[in-house]
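Participant: just coords:
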């Protein structure tokens, strides 16, 4: 992942694109890429979304690539490490949703049912 | 990253949350987390978005953690590797936007100016 | 609708909020409100999304209100009329997706199946 | 607006697209259209977003049309009136952000500064 972050830095420096990459703009670009991912799923049933065609899966993989690239660019710009951020958040979630309490019924989702 | 993917798997299995985690639903959750990130930036100038307060930065880090968690969950569910997806996409971008052609003016962004 | 647009103008003028309401920022705020709407649906099956509880329906109505407010603010700022924009777009769609061609199978959606 | 809602109903009935239009799916489609709008603004400065070229303005108008169409479809499907929803929300906002309190400094935005 460190190598990828470095390659991304080099990529935008070579193109002089830093000027466009404010955290504000990167958050927008990240959102736009996520929506392109959602677009592949919007008319599918949940069942069908579990059985994508090879063609759709390749397109989804590209969107996942785009999302991860912008997430790394944004994190790098803010001096944050997204792997560490995810680990921290998982710890918070483990405290917030103890398995013995939410298992099966899962309080988080029940409020929507 | 592999360890994190395994920890996420364990987390959702212990809670019996697989049933909610269709790729369709995960794409929606990913989008919602991105919007929570965008919310921190929506009224800021680009300048201010480069100089976040410690408090905002901590909140942004949590959102980045959430986004990465859902991105890993979705990739895992689809049998995709998001690191590899990003590397592939970077190669595509390197071909699509050759530095000598887009430097400074950067064709990608120029269409918006 | 004209009365609402005027009321929205008065609302932001009285608060001196014009300075925050660049089209860029309004597009972000619109997106964030949409995501708050999506959040109500993200873990629901399609079936359940057709049978919302009264409580969820009230919450969804608030989000729809927010979305429409930002859509009107943005249109007003750009000198556009969102009713006319929708009528124009409907005409385009009627040409693009002729009923006799897309009925039942519906080409637009078929590409995702 | 009532005429437009009726025209939209006729449009989807003629195409037999009701089956795809669960509130869940419509919320996703609404989000995707919003992101297409955001895409026009993502690399612009706030200044430039206030002075769109005619070409970009036409493209933005199409996106606004799409967003309004999906917002009306979703509201119609849920038996809600988006004009009334916006009026209700404006009343709530008027109470929540009294002009004399938030003017100039505007508490809502200050938390981000």
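Facilitator: Yep, it's here. The model shown is predicted, which means the values in this text are computed figures rather than measured ones. Numbers count the residues shown, from 1 in each chain, chains lettered A, B, ... in the order given.

Participant: can you give me the helices for chain A?
Facilitator: Taking DSSP state H, the helices of chain A run over residues A:2-15, A:23-41, A:46-49, A:54-78, A:82-96, A:99-102, A:107-110.

Participant: just these: most buried one?
Facilitator: Greatest average neighbour count among these goes to helix A:23-41 (a mean of 24), per mean count of other C-beta atoms under 10 Å in any protein chain shown. (C-beta placed from N, C-alpha, C; glycine too.)

Participant: what mean pLDDT does that one have?
Facilitator: Helix A:23-41 shows a mean pLDDT of 98 in the predicted model.

Participant: picking up where we left off before, ok, which of the helices of chain A comes nearest residue D:11?
Facilitator: Shortest distance between residue D:11 and those, using C-beta to C-beta, is found for helix A:23-41: 20.5 Å.

Participant: count of residues packed around the closest residue to residue A:28 other than its chain neighbours?
Facilitator: Distances taken as C-beta to C-beta, 6 or more residues apart in numbering or on different chains place residue D:42 nearest to residue A:28, at 4.1 Å, with adjacent residues excluded. Using other C-beta atoms under 10 Å in any protein chain shown, residue D:42 has 23 neighbouring residues.

Participant: distance of residue D:42 from residue C:59?
Facilitator: 29 Å (C-beta to C-beta, to the nearest Å).

Participant: gap between the nearest residue to residue A:7 once chain neighbours are set aside and chain D?
Facilitator: Computed as C-beta to C-beta, 6+ apart, the closest residue to residue A:7 that is not its neighbour in sequence is residue B:90, at 6.1 Å. Taking C-beta to the nearest C-beta, to the nearest Å as the measure, residue B:90 falls 19 Å from chain D.

Participant: give me every residue that touches the nearest residue to residue A:33 once chain neighbours are set aside.
Facilitator: Take residue A:33 and drop its neighbours on the chain: the residue closest to it by C-beta to C-beta, 6+ apart is residue A:66, 4.2 Å away. For residue A:66, the contacting residues are A:33, A:36, B:89, by C-beta atoms under 8 Å, 6 or more residues apart in numbering or on different chains.

Participant: and with 10 Å instead?
Facilitator: Neighbouring residues of residue A:66 by C-beta atoms under 10 Å, 6 or more residues apart in numbering or on different chains: A:29-30, A:32-34, A:36-37, B:85-86, B:89-90, B:92-93.

Participant: with adjacent residues omitted, what lies nearest to the closest residue to chain D within chain A?
Facilitator: Minimum separation of chain A from chain D (C-beta to the nearest C-beta) falls at residue A:35, amounting to 3.1 Å. With sequence-adjacent residues excluded and distances taken as C-beta to C-beta, 6+ apart, residue A:35 is closest to residue D:35, at 3.1 Å.

Participant: hmm, that neighbour is touching residue A:42, no?
Facilitator: No. Using C-beta atoms under 10 Å, residue D:35 makes no contact with residue A:42, being 11.5 Å away.

Participant: coming back round to it: which one of the contacts of residue A:66 is nearest residue A:14?
Facilitator: The closest of those to residue A:14 turns out to be residue B:93 (C-beta to C-beta; 11.4 Å).

Participant: is it true that residue A:80 touches residue A:74?
Facilitator: Yes. Using C-beta under 10 Å, residue A:80 is in contact with residue A:74, at 8.2 Å.

Participant: which ones are touching residue A:9?
Facilitator: A:18, A:72-73, A:76-77.

Participant: if you could redo that for residue A:34, that was the one I meant.
Facilitator: Applying C-beta under 10 Å, 6+ apart, the residues near residue A:34 are A:63-64, A:66-67, A:70-71, B:27-28, B:30-35, B:67, B:70-71, C:35, D:31-32, D:35.

Participant: now residue A:31
Facilitator: A:67, A:70, B:31, B:34-35, B:37-38, C:28, C:31-32, C:35, D:31, D:34-35, D:38-39, D:42.

Participant: ok, now how distant is it from residue B:42?
Facilitator: The value you get for residue A:31 to residue B:42, if C-beta to C-beta is used, is 11 Å.

Participant: list the residues that contact both of these two?
Facilitator: B:35, C:28, C:31-32.

Participant: hmm, which two among these are most spread apart?
Facilitator: It's B:35 and C:28 that sit farthest apart of the shared contacts of residue A:31 and residue B:42, by C-beta to C-beta, at 9.1 Å.

Participant: and for those two, which residues touch both?
Facilitator: A:27, A:31, B:42, D:34.

Participant: wait, the third one sits on residue A:27?
Facilitator: Same thing as residue B:42. Yes. The criterion here is C-beta under 10 Å, and residue B:42 meets it with residue A:27 at 8.7 Å.

Participant: for these two, list the residues in contact with both.
Facilitator: B:35, B:49, C:28.

Participant: so who does the first one touch?
Facilitator: Put plainly, it is residue B:35. Neighbours of residue B:35 in contact, by C-beta under 10 Å, 6+ apart: A:27, A:31, A:34, B:42, B:63, C:28, C:31-36, C:38-39, D:31, D:34-35.
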